[in-house]
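Asks: just to be clear, the model below is a prediction. Sequence and coordinates:
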Protein chains: 2
Amino acid sequence: MQTRVVIAEDHLFVSQGLVSALSSIEGLTVLQTVANGIEAISAIRKHRPDVAILDYNMPGANGLEVFLEARRWAPETRFLVLTGSMQAEMLAQMVEAGVHGVMLKDGSEAEIINAVRQVRAGRTMIGASAQRMLDSASGTTDLTDRELAVLQAIARGHSNISAAALLGISPKTVDTHRTSVMRKLGAHSTASLLLTAVRAGLLDPDSLR
Amino acid sequence: MQTRVVIAEDHLFVSQGLVSALSSIEGLTVLQTVANGIEAISAIRKHRPDVAILDYNMPGANGLEVFLEARRWAPETRFLVLTGSMQAEMLAQMVEAGVHGVMLKDGSEAEIINAVRQVRAGRTMIGASAQRMLDSASGTTDLTDRELAVLQAIARGHSNISAAALLGISPKTVDTHRTSVMRKLGAHSTASLLLTAVRAGLLDPDSLR
DNA sequence: CGCGGCATCGGGTGAACACCTGATATTGAA
DNA sequence: TTCAATATCAGGTGTTCACCCGATGCCGCG
């Protein structure tokens, strides 16, 4: 089976390791490797790969943001997100958002290769550690996809206007989602919105840069 | 030159990649790989390696803790700490503590190999990205008492006007401190101010309500 | 004494925000 | 079919922010 892959990973050493590991999969072609979230969206739009392997923590846009945006342009692409560490809330969000594969980077090379194979074959897979985290997590977020996308954009310092340009919607729509998020989190200023979201595990300061 | 190495890295995939990469260094022997900080201390005590390669984020004890404890038993061992992401404050702490090498995981395989060589050769090395973080962090935590007070008030959701009432000063003064804090942290919106401050360890989301 | 750092405060501006009102279209479930 | 949830978008308002310019007074250090 042909497998065309895009890899998005800002740690060059890990990216090189992934390319090397994936070379053992027959019929697999790595179309492009990129090092930040914005480039990942572009590459996925351009190549419409079979599988996109995304690191969660990347500059410009994190793995979930890339997934939410890129799938609108490449609906057939299946996504595997790898992460070194992540809060359970974010893990739950990604599963709920429909990411096809999620695993922590504590997996071996063989486990990662297996994950790529499963995702390519149309199955949804969650790595063992990720599953354990999910099992022990109680909370579920009630932000919609778009609300979350707007929250992430705000957290990256975007004004409503530039968030609108980034997401391809009207500033009034950003305004609407922003207001909705604030109402849901009980925040009345941007500052308290941000800290409440961090506390709720909706934002990871280290993955937003 | 003989190089005996212990590797401590909880991400199995990365650990395997390191072993593979280091195999290209002539005369280098990987004595043991461990996956958490406590085991790292034990292995270093047992083997007294020439070089210990430590991941910063590990269960049990982080890279700095391992360094501080293990060097008491293996004073000849030289330490290279690798990290995926880290706050500048912690980076500064490790440099100050005397870790022989620090680099972010955005380096390529070649850069990591070079780092191991330099550390083994007795030199202290700081990776390019780590150095940039240290350079840009040198002034970021230099907030005055009043600036910090204003930052805290903002984080609690106060507008400039209500922060002024809280601190017994004019809103213009709040404005001045606020602008100064933003300049020092390089932020251009309230959102990025908050997250930058959290990342810099200036704000603790859990203690602000 | 001179100077820099800090705290304080004022004038001002245009952009941005927080929230009010309203609307249409799509989707999935009952 | 109906309805609720979601996404999208518009009109609007007063407040707030981010930054521009300027200033004085106090303190500690060289």
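Replies: That came through, no problem.
Asks: for chain A, what lies in contact range of DNA strand D?
Replies: Residues of chain A lying close to DNA strand D by Cβ under 7 Å from any atom of the strand are A:142, A:144-147, A:164, A:167, A:169-173, A:175-177, A:189-190. Backbone N, C-alpha and C define where each C-beta goes, glycine included.
Asks: of these, grab the buried ones for PyMOL.
Replies: Provided next is the PyMOL selection string for whichever of the residues of chain A next to DNA strand D are buried by 16 or more other Cβ atoms under 10 Å in any protein chain shown:
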select buried, chain A and resi 145+146+147+164+167+169+173+176+177+189+190
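Asks: mind listing which of the residues of chain A next to DNA strand D are in strands?
Replies: Judged by DSSP state E, strands contain none of the residues of chain A next to DNA strand D.
Asks: so which of the residues of chain A next to DNA strand D are also by DNA strand C?
Replies: A:175-176, A:189-190.
Asks: just the residues you listed now: which is nearest residue B:160?
Replies: Ranked by distance to residue B:160 (Cβ to Cβ), those are led by residue A:189 at 10.7 Å.
Asks: about what we covered before: of the ones next to DNA strand C among the residues of chain A next to DNA strand D, list those near chain B.
Replies: With Cβ under 8 Å from any Cβ of the partner chain as the criterion, those include A:189-190 near chain B.
Asks: may I see the ones next to DNA strand C among the residues of chain A next to DNA strand D arranged in a markdown table, with distance to residue B:100 as well?
Replies: Shown next, in a markdown table, are those (distance: Cβ to Cβ, whole Å):
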| residue | distance to residue B:100 |
| --- | --- |
| A:175 | 52 |
| A:176 | 53 |
| A:189 | 45 |
| A:190 | 42 |
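Asks: any idea which helix or strand carries residue A:52?
Replies: Residue A:52 is part of strand A:51-55 when elements are defined by DSSP states H and E.
Asks: ok, then the element right after that strand?
Replies: Downstream of strand A:51-55, the first helix or strand assigned by DSSP H and E is helix A:63-70.
Asks: tell me what the residue lying closest to residue A:118 once chain neighbours are set aside is bridged to.
Replies: Leaving aside its chain neighbours, residue A:118 sits nearest to residue A:125 (4.3 Å; criterion: Cβ to Cβ, 6 or more residues apart in numbering or on different chains). Note on residue A:125: beta-bridge partners by DSSP bridges are residue A:101.
Asks: now the residue lying farthest from the centre of chain A. Nearest residue, chain neighbours left out?
Replies: Distance from the C-alpha centroid of chain A peaks at residue A:188, with 27.6 Å (Cα atoms, centre = their mean). Spatial nearest neighbour of residue A:188, chain neighbours left out: residue B:157 (6.4 Å); criterion: Cβ to Cβ, 6+ apart.
Asks: the lowest-mean-pLDDT helix or strand in chain A vs chain B: in contact?
Replies: The weakest-scoring helix or strand in chain A, judged by mean pLDDT, DSSP states H and E, is helix A:128-136 (a mean of 71). No: Helix A:128-136 does not reach chain B (Cβ under 8 Å from any Cβ); its nearest approach is 10.4 Å.
Asks: buried stuff in that helix?
Replies: Using 16+ other Cβ under 10 Å as the test for burial, helix A:128-136 gives A:129-131, A:133.
Asks: so what touches the longest helix along chain A?
Replies: Criterion DSSP state H: the longest helix present in chain A is helix A:171-185. Residues outside helix A:171-185 that contact it (Cβ atoms under 8 Å, 6 or more residues apart in numbering or on different chains) are A:142-144, A:146-147, A:149-151, A:153-154, A:160-161, A:163-164, A:167, A:187-188, A:193, A:196-197, A:200.
Asks: so how far is it off the chain centroid?
Replies: Computed by Cα atoms, centre = their mean, to the nearest Å, the chain-centroid distance of helix A:171-185 equals 21 Å.
Asks: look up how far residue A:120 lies from residue A:110.
Replies: 16 Å (Cβ to Cβ, to the nearest Å).
Asks: could you do residue A:50 as well?
Replies: 6 Å.
Asks: between those two, what contacts are shared?
Replies: A:3, A:78.
Asks: before we move on, the earlier item: how about the secondary structure of the residue nearest to residue A:188?
Replies: What DSSP: H, G, I helix; E, B strand; the rest coil gives for residue B:157 is coil.
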